[in-house]
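Engineer: Please work out how this folds:
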Amino acid sequence: MIELAGVSRTFRTRSGDIEALRGIDLTVAEGEFLAVIGRSGCGKSTLLRLLAGLLPPTDGTVLVGGTAVTRPRRDVALMFQRPALLPWRSVLANVLLPVEMHGGRRAPHRERACQLLDAVGLAGFHKRLPHELSGGMQQRVALCRALIQQPKVLLMDEPFSALDALTREELAGQLQQVHMDVKPTTVFVTHSIQEAVLLADRVAVLSERPGRVRHVLTVDIPRPRSFGRNAHLADVATCVAELTDLLHDTDAPTPMHIT
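Structural biologist: Modelled structure (predicted):
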């Protein structure tokens, strides 16, 4: 579904060039959930923007569904750190916004919008305005908005980073269930190792800038997963420990071609 081959990105600035990413080789299978982790400034968000068609690569190719990404696409949805809801529109109207922006009619999509909102715990809040919701509830609305047109690819840039720890864990659990039900190909950028292990099929670890793929860890743990007491707690802890070691071992060699 997603293929990056030799992808690099350099930003030109007045004070000199900044190489954000170098030689990224990575594939994401259809329906897979890939988490991307790394230290601040390693190019995680830049990688998402390349996949979304918001930035062109300096070198290499970015393919989604076998087609080169040259601009934003209707079948690729991007969810940011902040929900960015329109304050004068109801929860339901915010979810339906992408439909209107692409010239569609709201009525045929209203039932799906309601189903999505109910699935993330917002039944009874369809007519509320954003200022009447907590931060976690607003991010639930943003997730429903990203999913309303059934995108083939869902890109998520630290969507839970501004929330408290308990709300983050609750939303991560709901996202896990949504992914199990809907199965969009998902690339999820996060600073949280625990979040990555809870959600992902595989976790790509980026080096410090310029970002390169150091390692890709397969998280072979049955779903649904949690950090509570369960049969797979030891497996979750092992994955968390391995990723923690990788992020702290800055002297480890950097593999250049990993899929």
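Engineer: Tell me the spacing between the nearest residue to residue 29 once chain neighbours are set aside and residue 163.
Structural biologist: The spatial neighbour of residue 29 that comes closest, neighbours along the chain excluded (CB to CB, 6 or more residues apart in numbering), is residue 1 at 6.1 Å. All C-beta atoms are positioned from the backbone trio N, CA, C, and that covers glycine. Relative to residue 163, residue 1 is positioned 29 Å away (CB to CB, to the nearest Å).
Engineer: Pull the residues that contact stretch 221-237.
Structural biologist: 169, 173, 176-177, 180, 194, 197-199, 220, 239 (CB atoms under 8 Å, 6 or more residues apart in numbering).
Engineer: Go through that stretch and flag the buried ones.
Structural biologist: Neighbour-count burial for stretch 221-237, counted by 16 or more other CB atoms under 10 Å, picks out 221, 225, 235-236.
Engineer: try stretch 9-18
Structural biologist: residue 9.
Engineer: Quick one: mean pLDDT over it.
Structural biologist: For stretch 9-18, mean pLDDT rounds to 88.
Engineer: Dump it to CSV, restricted to CA.
Structural biologist: C-alpha atoms of stretch 9-18 as CSV (Å, rounded to 0.1, in the frame of the first residue of the first chain):
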residue,chain,number,x,y,z
ARG,A,9,14.2,15.6,2.4
THR,A,10,16.3,18.7,2.8
PHE,A,11,15.0,22.2,3.8
ARG,A,12,16.7,25.2,2.3
THR,A,13,17.1,28.0,4.9
ARG,A,14,19.0,31.3,5.0
SER,A,15,21.4,29.9,7.5
GLY,A,16,22.0,26.8,5.5
ASP,A,17,20.5,23.5,4.5
ILE,A,18,18.8,21.3,7.0
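Engineer: Need the per-residue pLDDT for the residue nearest to residue 29.
Structural biologist: 86.
Engineer: just checking, it touches residue 34?
Structural biologist: No. Contact criterion CB atoms under 8 Å: residue 1 and residue 34 do not qualify, at 10.2 Å.
Engineer: Which one's more surrounded, those two?
Structural biologist: residue 34 (22 against 16; other CB atoms under 10 Å).
Engineer: give me the element the more buried one is part of.
Structural biologist: strand 33-37 (DSSP states H and E).
Engineer: What strands flank that strand, and is each parallel or antiparallel?
Structural biologist: When pairing is defined by DSSP bridges, strand 33-37 lines up against strand 185-189 (parallel), strand 202-206 (parallel).
Engineer: so how far is it from its chain's centroid?
Structural biologist: 7 Å (CA atoms, centre = their mean, to the nearest Å).
Engineer: Which SSE is immediately downstream of it?
Structural biologist: helix 44-52.
Engineer: and that next one, what does it pack onto?
Structural biologist: strand 2-13, strand 16-28, strand 33-37, strand 59-64, strand 76-79, strand 153-157, strand 185-189 (3 or more CB pairs under 8 Å, 6 or more residues apart in numbering; DSSP states H and E).
Engineer: Let's have the buried residues of stretch 221-237 in JSON lines, adding secondary structure, pLDDT and distance to residue 15.
Structural biologist: Shown next, in JSON lines, are these (DSSP: H, G, I helix; E, B strand; the rest coil; pLDDT from 0 to 100; distance: CB to CB, whole Å):
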{"residue": "221", "secondary structure": "coil", "pLDDT": "87", "distance to residue 15": "45"}
{"residue": "225", "secondary structure": "coil", "pLDDT": "78", "distance to residue 15": "44"}
{"residue": "235", "secondary structure": "helix", "pLDDT": "85", "distance to residue 15": "46"}
{"residue": "236", "secondary structure": "helix", "pLDDT": "83", "distance to residue 15": "43"}
